[in-house]
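*Asks:* this one's structure only:
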């Protein structure tokens, strides 16, 4: 089970075919901010996407620092991966349609269970559709 980003990064590096990691950063808006965070309801809005090879990421802190240098308007990061073929990692162009799908999934609240989600503090987040 993936409980920290370092676990995900390790698993990605151990796969038989090279992986490209897909990241969608999103901000949250709570419908009722006074409710318990455990049962909070609200909306999630994508703010930016990026794809990277696992070798391009030192650790979660480095990923956060890079993301914040572009925009600090995010609360969660949704992560998926794309497998390469015959020892070749997928290209950024290969990742584009999958990043678009992630954006659509998060915006519509559909199929979000397929993504690993972390908050800014490297805590795994479980999101449920309304």
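*Replies:* All right, it came through fine. For clarity, every value in this text was computed on a predicted model and none was experimentally measured. Residues are numbered from 1 along each chain as shown.
*Asks:* Contact partners for the residue nearest to residue 125 when sequence neighbours are not counted?
*Replies:* Nearest residue to residue 125, sequence neighbours excluded (CB to CB, 6 or more residues apart in numbering): residue 117, at 4.3 Å. Backbone N, C-alpha and C define where each C-beta goes, glycine included. Listed by CB atoms under 8 Å, 6 or more residues apart in numbering, the contact set of residue 117 reads 76, 77, 78, 79, 124, 125, 126, 127.
*Asks:* in the biggest helix by length in the chain, what's buried?
*Replies:* Counting residues, the longest helix found in the chain (DSSP state H) is helix 92-108. For helix 92-108, a neighbour-count test (16 or more other CB atoms under 10 Å) marks 95, 98, 99, 102, 103, 105, 106 as buried.
*Asks:* do the same with stretch 118-129
*Replies:* 118, 122.
*Asks:* how distant is that stretch from the center of its chain?
*Replies:* 10 Å (CA atoms, centre = their mean, to the nearest Å).
*Asks:* Touching that stretch from outside, list them.
*Replies:* With CB under 8 Å, 6+ apart as the test, stretch 118-129 has contacts from 2-5, 44, 60, 64, 74-77, 79, 109-110, 112-113, 116-117.
*Asks:* now stretch 84-91
*Replies:* Contacts of stretch 84-91 (CB under 8 Å, 6+ apart): 17, 18, 19, 20, 53, 82, 83.
*Asks:* what ranges do the strands span in the chain?
*Replies:* 19-30, 42-52, 76-83, 116-119 (DSSP state E).
*Asks:* Same list (those strands) but as JSON lines, adding distance to residue 9 and mean pLDDT.
*Replies:* Listed next are these as JSON lines, based on distance: least, CB to CB, whole Å; pLDDT from 0 to 100:
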{"stretch": "strand 19-30", "distance to residue 9": "8", "mean pLDDT": "95"}
{"stretch": "strand 42-52", "distance to residue 9": "10", "mean pLDDT": "94"}
{"stretch": "strand 76-83", "distance to residue 9": "10", "mean pLDDT": "97"}
{"stretch": "strand 116-119", "distance to residue 9": "11", "mean pLDDT": "96"}
